[in-house]
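# below are the sequence and a predicted model for it; my questions follow.
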Amino acid sequence: MSDNNSTEEVKTLVDQLKENNSVVTQIQQSDFTLDKEDLEQFILNNTGRLIQDSMNTIDNIKQYIISAPEPEDVHSLAELYKASTTAIEALNKLLLQQQKAEAQVAIKTMDIESKKELADTKDNKLTFTRDEIFDKLLERGDLIEAELVDVPEDN
């Protein structure tokens, strides 16, 4: 009976392992999908979390290295600083690109508005040719009679 019991236990154990293996396989096969609309927020969230985690790790490792410095540990800390700095620079570039795009949109909007105002004022102006202006002056002008008088020159 004990032999039969052992066989049952082994069979149960093997079934459990198979079941766990299928669960692990299912977890590994899950696909990660990301929509274009969510990409920017995903990058910002994960980069921010990565930077925060690396800064916390830097603080922890710094305390450890101060107590017992080892060359490998110091090198690891330097690499962590480098990775954190690179991530911060990437976020900074994103911010600068966003600000530049917003500024370009604002400038273009102002340019369009100023051109629209110029077009409106141009429509309000009267335009004449030189001959038309001369004719208008002659029509409105009063004739002045004048005599030409010779003025002697003083030496």
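Received, thanks.
# and the helices in the protein?
Counting by DSSP state H, the chain has helices at residues 2-29, 36-67, 71-124, 130-140.
# so for residue 146, which of those helices sits nearest?
Closest approach to residue 146 among the helices of the chain is made by helix 130-140 (16.5 Å; Cβ to Cβ). Glycine gets a C-beta too; all of them are placed from N, C-alpha and C.
# for that closest one, buried residues please.
Buried residues in helix 130-140, counted by 16 or more other Cβ atoms under 10 Å: none are found.
# quick one: least confident helix or strand in the protein?
Ranked by mean pLDDT, DSSP states H and E, the weakest helix or strand in the chain is helix 2-29, scoring a mean of 67.
# how much space separates the most centrally placed residue in the chain from residue 35?
Centroid-nearest residue in the chain: residue 98, 2.7 Å away (criterion: Cα atoms, centre = their mean). According to Cβ to Cβ, to the nearest Å, residue 98 stands 19 Å off from residue 35.
# make CSV out of the helices of the chain and add distance to residue 146.
Output for the helices of the chain, formatted as CSV (distance: least, Cβ to Cβ, whole Å):
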stretch, distance to residue 146
helix 2-29, 107
helix 36-67, 81
helix 71-124, 39
helix 130-140, 17
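# show me what contacts residue 54?
80, 83-84, 87 (Cβ atoms under 8 Å, 6 or more residues apart in numbering).
# CA atoms only: put stretch 138-145 into PDB for me.
Output in PDB follows, covering the C-alpha atoms of stretch 138-145 (Å, rounded to 0.1, in the frame of the first residue of the first chain):
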ATOM      1  CA  LEU A 138      -6.900 119.700 -60.200                       C
ATOM      2  CA  GLU A 139     -10.700 119.200 -59.700                       C
ATOM      3  CA  ARG A 140     -10.600 120.200 -56.000                       C
ATOM      4  CA  GLY A 141      -8.000 122.900 -56.200                       C
ATOM      5  CA  ASP A 142      -8.700 126.600 -56.500                       C
ATOM      6  CA  LEU A 143      -6.900 128.400 -59.200                       C
ATOM      7  CA  ILE A 144      -4.600 131.100 -57.900                       C
ATOM      8  CA  GLU A 145      -3.800 134.000 -60.200                       C
END
